[in-house]
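Trainee: Starting from these lines, generate the structure:
(chains A, B, C and D)
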There are 2 protein chains.
Amino acid sequence: MAPGESGFPFPPWHSPTPVPRPRALLSRERIVAVALAIVDAEGTEAVTMRRIAADLDTGAASLYAYVSGKDEVLSLAHDAVLANLRLPPGPDDDWRQLIRDWARATQQLYSAHQDLARLSFATIPTGTAGMDIAERLFAAMVRGGVPSSLAAQLLDRLALYIGADVFEGWLYGQRFRATDPADTRTTEERAQEFFVSLGAYFKQMPADRYPTVSAHVDDLMAGGGQERFEFGIELMIAGVDKLAGRLGEPPPEG
Amino acid sequence: MAPGESGFPFPPWHSPTPVPRPRALLSRERIVAVALAIVDAEGTEAVTMRRIAADLDTGAASLYAYVSGKDEVLSLAHDAVLANLRLPPGPDDDWRQLIRDWARATQQLYSAHQDLARLSFATIPTGTAGMDIAERLFAAMVRGGVPSSLAAQLLDRLALYIGADVFEGWLYGQRFRATDPADTRTTEERAQEFFVSLGAYFKQMPADRYPTVSAHVDDLMAGGGQERFEFGIELMIAGVDKLAGRLGEPPPEG
DNA sequence: CCCGATCGCGAACACTGTTCGTTCGACGAA
DNA sequence: TTCGTCGAACGAACAGTGTTCGCGATCGGG
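Mentor: Below is the predicted model:
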């Protein structure tokens, strides 16, 4: 048996033959996949080049052969997630409902990836998945009688709003996550208690200086994150209805 | 003249009498003021504890006697800026115009401090300045016939939207800021060129797959940041009008 | 005049993103 | 089979980061 074969020890003045690394270990896709796994587990702040590299059994420097830097890794991860956005096929005869479905699907998609929505700001989707959905939304609105300039601006503002809402929701979630292991309350319970005490704080404000606020604290505190999110969507849809002069509007109920 | 007096040199085997440091050099306010100056000059990413300390002629460790950490410094800076929000006094007889004035004032305030709007997310103003303005906005809407629950949610969604818009605008500004000194174009020119080429990219998309997008590229690309910001405000105001069932609505023009 | 409390802060720790220069393995040519 | 080349891989280092520890200097009170 010669040195180097199956476990035979080396004399100390020899360096051991290193175990051969499998080739083609790294690639853009593998790097992005690992980064996304870290995001899903711990959020975008936990993504570091060293950690990605460690998960790939290599060193941080090796990543730079495939990727220009950390920003690009996160950007690619964001693109990869957004490419998974799917809407059920449909006749799209009701643009309002289509907008609601899209908004909710986007919200859920982002929510499933911690604070990835942070990367949605100042990002314009140009991939086929995003374009397909934009075409459906845009076409449904134009077909429904919404002026194209209004439709275009609505989509722009909604995209901004959705990303912002999910990101803010994640921030709140972080604030109320458990830090003390002895605290057995859920995140929701802690959040609820915070907002209850915040309401109490508002209630004890001088009523002569803040009469309207004092009188309507319950309205200010009403609704959880999901209600507020959907209210914003309805607000913008209704705004388009109004600004479009009620063209193609379904008959009001009641 | 004895060693230590006005400039008289010390023999090298003596340590010079150190210049006495003035006491009470540091305070929460001074730390926040310096941090804010750095934010205004270079943005929130440029704020580091070492840099704040250096600007105060001290070491980073000294700051921790007054402040719990970097997050608190930035949070205090955000509070300090927001406390400067002022609205001209008025009879507030037109809640829509009051909302517009508030939105624009908030936008301008944030815009004057680089990416400070980033810190607006998941932040509820509780200081007197914020409360005073909230009371005025809220009162004007209720007085104008808007249901208080609607008014409360509108303010919440608008605050989120305004912060998100300014932050996104700053991100775009960063992307298009000059990196090559030989490039004499302004940031606006670079941004314009980017969006023109983006429009060209959309225009060359297959028209059979994206008929609506292709036909309305100019609408998608229309408007700068300010137009889009104000459209969002109008969208939400109009949305409230519609959802409130046109109570207290001024007679439509035309 | 001295002594204890308070304030300030240098140095260190454990990180970060990125770059440089070297090493290593595989493969085509001789 | 041997050599040379070349691209991929990566250890080490650099210049930073936030935060903590414990020493030292200064000041007010006794």
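
Trainee: Stretch A:112-132 close to chain B?
Mentor: Yes. Contact of stretch A:112-132 with chain B is found when judged by Cβ under 8 Å from any Cβ of the partner chain, involving A:121-122, A:124, A:126, A:131-132. Where C-beta positions appear, they are placed from N, C-alpha and C, glycine not excepted.

Trainee: Then stretch A:187-203?
Mentor: Yes. Using Cβ under 8 Å from any Cβ as the criterion, contacts between stretch A:187-203 and chain B involve A:198, A:201.

Trainee: Tell me the buried residues in that stretch?
Mentor: By neighbour count with 16 or more other Cβ atoms under 10 Å in any protein chain shown, stretch A:187-203 contains the buried residues A:190-191, A:195, A:202.

Trainee: Nearest to residue A:90 among the residues of stretch A:112-132 next to chain B?
Mentor: Of all the residues of stretch A:112-132 next to chain B, the one with the least separation from residue A:90 (Cβ to Cβ) is residue A:132, at 13.3 Å.

Trainee: Could you check how far the helix or strand encompassing that closest one is from the centre of its chain?
Mentor: According to DSSP states H and E, residue A:132 maps onto helix A:128-143. With Cα atoms, centre = their mean, to the nearest Å as the basis, the distance from the averaged C-alpha position of helix A:128-143 to the chain average is 21 Å.

Trainee: Check stretch A:189-201 too.
Mentor: 25 Å.

Trainee: So which elements touch the helix holding residue A:132?
Mentor: In this structure, helix A:128-143 packs against helix A:95-111, helix A:148-175, helix B:211-215, with contacts taken as 3 or more Cβ pairs under 8 Å, 6 or more residues apart in numbering or on different chains; DSSP states H and E.

Trainee: What lies in contact with it?
Mentor: Applying Cβ atoms under 8 Å, 6 or more residues apart in numbering or on different chains, the set of residues contacting helix A:128-143 from outside is A:82-85, A:87, A:92-95, A:98-99, A:102, A:125, A:148, A:150-152, A:154-155, A:240, B:205, B:209-213, B:216.

Trainee: what about 6 Å?
Mentor: With contact meaning Cβ atoms under 6 Å, 6 or more residues apart in numbering or on different chains, helix A:128-143 is reached by A:83, A:92, A:95, A:98, A:102, A:148, A:151, A:155, B:210, B:212-213.

Trainee: Just name the closest of these to DNA strand C, please.
Mentor: Closest to DNA strand C out of the contacts of helix A:128-143 is residue A:83 (23.0 Å), distances taken as Cβ to the nearest atom of the strand.

Trainee: that older thread, send over the helix holding residue A:132 as PDB, restricted to the C-alpha atoms.
Mentor: Written as PDB, here are the backbone C-alpha positions of helix A:128-143 (Å, rounded to 0.1, in the frame of the first residue of the first chain):
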ATOM      1  CA  THR A 128     -41.600  36.600 -19.800                       C
ATOM      2  CA  ALA A 129     -43.500  35.700 -16.600                       C
ATOM      3  CA  GLY A 130     -43.900  39.300 -15.600                       C
ATOM      4  CA  MET A 131     -44.700  40.400 -19.100                       C
ATOM      5  CA  ASP A 132     -47.300  37.700 -19.500                       C
ATOM      6  CA  ILE A 133     -49.100  38.900 -16.400                       C
ATOM      7  CA  ALA A 134     -48.700  42.500 -17.200                       C
ATOM      8  CA  GLU A 135     -50.300  41.900 -20.600                       C
ATOM      9  CA  ARG A 136     -53.300  40.100 -19.100                       C
ATOM     10  CA  LEU A 137     -53.900  42.800 -16.500                       C
ATOM     11  CA  PHE A 138     -53.400  45.600 -19.000                       C
ATOM     12  CA  ALA A 139     -55.600  44.000 -21.600                       C
ATOM     13  CA  ALA A 140     -58.400  43.200 -19.200                       C
ATOM     14  CA  MET A 141     -58.500  46.800 -18.000                       C
ATOM     15  CA  VAL A 142     -58.400  48.300 -21.500                       C
ATOM     16  CA  ARG A 143     -61.100  45.800 -22.600                       C
END
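
Trainee: Show the average pLDDT along that helix.
Mentor: The predicted model gives helix A:128-143 an average pLDDT of 94.

Trainee: Buried residues of that helix, list them for me.
Mentor: By neighbour count, with 16+ other Cβ under 10 Å as the criterion, the buried positions of helix A:128-143 are A:130-142.

Trainee: Mean neighbour count and distance to DNA strand C added to the helices and strands packed on helix A:128-143, as a markdown table?
Mentor: Converted to a markdown table, the helices and strands packed on helix A:128-143 look like this (neighbours: other Cβ atoms under 10 Å in any protein chain shown; distance: least, Cβ to the nearest atom of the strand, whole Å):
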| stretch | mean neighbour count | distance to DNA strand C |
| --- | --- | --- |
| helix A:95-111 | 19 | 21 |
| helix A:148-175 | 21 | 18 |
| helix B:211-215 | 18 | 34 |
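
Trainee: So which of these is nearest DNA strand D?
Mentor: Checking these against DNA strand D by Cβ to the nearest atom of the strand gives helix A:148-175 as the closest, at 14.6 Å.

Trainee: Briefly note if that closest one comes near DNA strand D.
Mentor: No. Helix A:148-175 lies apart from DNA strand D when judged by Cβ under 7 Å from any atom of the strand; the minimum separation is 14.6 Å.

Trainee: just checking, what packs against that helix?
Mentor: Contact analysis of helix A:148-175 by 3 or more Cβ pairs under 6 Å, 6 or more residues apart in numbering or on different chains; DSSP states H and E lists helix A:95-111, helix A:128-143, helix A:225-243, helix B:148-175, helix B:217-221 as its packing neighbours.

Trainee: how about residue A:70, what does it touch?
Mentor: If a contact means Cβ under 6 Å, 6+ apart, then residue A:70 has residue A:49 as its contacts.

Trainee: Could you verify my assumption that residue A:163 touches residue A:120?
Mentor: Yes. Between residue A:163 and residue A:120 there is a contact at 3.4 Å, judged by Cβ atoms under 6 Å.

Trainee: Show me where chain A dips below the pLDDT cut-off.
Mentor: By pLDDT under 70, the weakly predicted segments of chain A are A:1-25, A:178-181, A:246-254.

Trainee: Just give me the closest of the residues of stretch A:112-132 next to chain B to chain B.
Mentor: Each of those was scored against chain B by Cβ to the nearest Cβ, and residue A:122 proved nearest at 3.7 Å.

Trainee: Phi, psi for the closest one please.
Mentor: Its backbone dihedrals place residue A:122 at phi 60, psi 30, with angles given as degrees, to the nearest 10.

Trainee: If we ignore the residues flanking it in sequence, what's nearest it?
Mentor: The spatial neighbour of residue A:122 that comes closest, neighbours along the chain excluded (Cβ to Cβ, 6 or more residues apart in numbering or on different chains), is residue B:171 at 3.7 Å.

Trainee: distance of the one you found from residue B:217?
Mentor: As judged by Cβ to Cβ, to the nearest Å, residue B:171 and residue B:217 stand 23 Å apart.

Trainee: What distance do you get for the nearest residue to residue A:218 once chain neighbours are set aside to DNA strand C?
Mentor: The spatially closest residue to residue A:218, leaving aside those adjacent along the chain, is residue A:199, at 7.3 Å (Cβ to Cβ, 6+ apart). Shown here: residue A:199 relative to DNA strand C, a distance of 36 Å by Cβ to the nearest atom of the strand, to the nearest Å.
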